[in-house]
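Trainee: Quick one, fold the following:
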Amino acid sequence: MNANPAIRQEASSPQTSQPVVEAKGLGLTFETNDGPVRALADVDLTINKGEFVSFIGPSGCGKTTFLRVIADLEQPTAGEIFVNGMTPEEARRNRAYGYVFQAAGLFPWRTIEQNVALPLEIMGYSKAEQKERVHRTLDLVNLAGFEKKFPWQLSGGMQQRASIARALAFDADLLLMDEPFGALDEIVRDHLNEQLLDLWARTGKTIGFVTHSIPEAVYLSTRIIVMSPRPGRVTDVIVSPLPKERPLDIRESPEFLEIAHRVREGLRAGHGDD
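Mentor: Numbers count the residues shown, from 1 in each chain. Next up, the predicted model:
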């Protein structure tokens, strides 16, 4: 591929010097009744502190699997990975990350504040500390005033914001998000994309974000990781030159369209290598 040096950066040339996630030669093969399935192969990638990194690729390419390896929900079968210099298991035990799943996963019998407080209860925070953290995180996601509501009383977008608040409640520096807006309509999705960028700017979190949407990946990210069909490999790493503050209409700018074109090229090239 003909790389545009203005918008391309290799995984070995990080934007900042403090790595949060480091994967080296990472591979994962699932053993199934039909034989081994290679989900990931030879993944070399560093995510640095404060970055917003999106993963994009066809269904089954290992985007979610890679996120789950970071979170110690899956164990690699080759290579190594570190989270804040620890193994994923150590990072999980040290509550180094928050995880937002595709579905909000809120308990319908608990109020919004009770859902957000759940991990804090499990971790043994005092009632006073729980109340303060729940109030702060609900304010961060613009849900102040909805503490006493039940999930079924909120829209899908609001439920997903509550899920994000729950992941933020114990103040981990790393936020892992697995297609959190994939089931929402375009208008709601655009609104939540704006709010997520604002949240990222205010908190300084490092974010790993899985998506199938090229516009979403380009709009949100400082770097876009393009992955090939299974076994998932990193086929391109695209650095965004867009400013940190991004109104929605930036998606009509030549710079935005150029990055989106580059992502499409990377996805097509990945299919060609399969």
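
Trainee: just checking, residue 36 is part of a strand?
Mentor: Yes. Residue 36 forms part of a strand when assessed by DSSP: H, G, I helix; E, B strand; the rest coil.

Trainee: And it, how far from residue 28?
Mentor: Distance, residue 36 to residue 28, using Cβ to Cβ, to the nearest Å: 11 Å. Just so you know, the C-beta spots here come from the backbone N, C-alpha and C atoms, and that holds for glycine as well.

Trainee: From the neighbour counts alone, determine which of these two ranks first.
Mentor: Neighbour count, other Cβ atoms under 10 Å: between residue 36 and residue 28, residue 28 has more, with 23 against 10.

Trainee: Quick one: list the elements packing against the helix or strand hosting the more buried one.
Mentor: When elements are defined using DSSP states H and E, residue 28 is found to belong to strand 19-32. In terms of contacts (3 or more Cβ pairs under 8 Å, 6 or more residues apart in numbering; DSSP states H and E), strand 19-32 is packed against strand 35-48, helix 63-70, strand 78-83, strand 206-211.

Trainee: Could I get these in JSON lines, plus columns for mean pLDDT?
Mentor: Compiled in JSON lines, those are given as follows (pLDDT from 0 to 100):
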{"stretch": "strand 35-48", "mean pLDDT": "94"}
{"stretch": "helix 63-70", "mean pLDDT": "96"}
{"stretch": "strand 78-83", "mean pLDDT": "96"}
{"stretch": "strand 206-211", "mean pLDDT": "96"}
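
Trainee: For residue 111, which of these is the nearest?
Mentor: Of all these, strand 206-211 sits nearest to residue 111, with 27.0 Å by Cβ to Cβ.

Trainee: what's the angle from the closest one to strand 19-32?
Mentor: Here strand 206-211 runs at an angle of 40 degrees relative to strand 19-32 (axes from the mean of the first three to the mean of the last three Cα atoms, to 10 degrees).

Trainee: Direction included, what does strand 206-211 pair against?
Mentor: Neighbouring strands of strand 206-211 in its sheet, by DSSP bridges, are strand 52-56 (parallel), strand 174-178 (parallel).

Trainee: hey, which of those strands is tucked in deepest?
Mentor: Most buried of these by mean neighbour count (mean count of other Cβ atoms under 10 Å) is strand 52-56; its value is a mean of 25.
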